[in-house]
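Enquirer: Provided below for reference: sequence and predicted model.
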Amino acid sequence: MLAAVGDRLLVHGNAVGDPERRGEIIEVRGAEGGPPYIVKFDDGHTGLVFPGPDAIVIPAQRRA
């Protein structure tokens, strides 16, 4: 998984009824875009995330 600052992270709930968590990647700490990431979630919580198989990166619209 590779990401850049400004990309969105979507983490699917891992149990029935668990909500998805969405947030913006505000810092990439891994080499060449790899994890871990600092993510500011839509609920206002900010945390260090090592995404698992239940997460996807949604690239930000890049300007040319």
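Expert: Received, thanks.
Enquirer: Only C-alpha atoms from now on, for both contacts and neighbour counts.
Expert: Noted.
Enquirer: what's near enough to touch residue 55?
Expert: With contact taken as CA atoms under 8 Å, 6 or more residues apart in numbering, residue 55 is in contact with 9, 10, 11, 12.
Enquirer: how close does the last one get to residue 31?
Expert: Going back to what we said before, that points to residue 12. 25 Å (CA to CA, to the nearest Å).
Enquirer: ok, these two, which is more surrounded?
Expert: residue 12 (16 against 9; other CA atoms under 10 Å).
Enquirer: which residue is nearest the middle of this protein?
Expert: Nearest to the mean C-alpha position of the chain, counting by CA atoms, centre = their mean, stands residue 9 at 2.7 Å.
Enquirer: Spatially nearest residue to that one, not counting backbone neighbours?
Expert: Spatial nearest neighbour of residue 9, chain neighbours left out: residue 57 (4.7 Å); criterion: CA to CA, 6 or more residues apart in numbering.
Enquirer: There's contact between that neighbour and residue 5 in this structure, I believe.
Expert: No. With contact defined as CA atoms under 8 Å, residue 57 does not count as touching residue 5 (11.0 Å).
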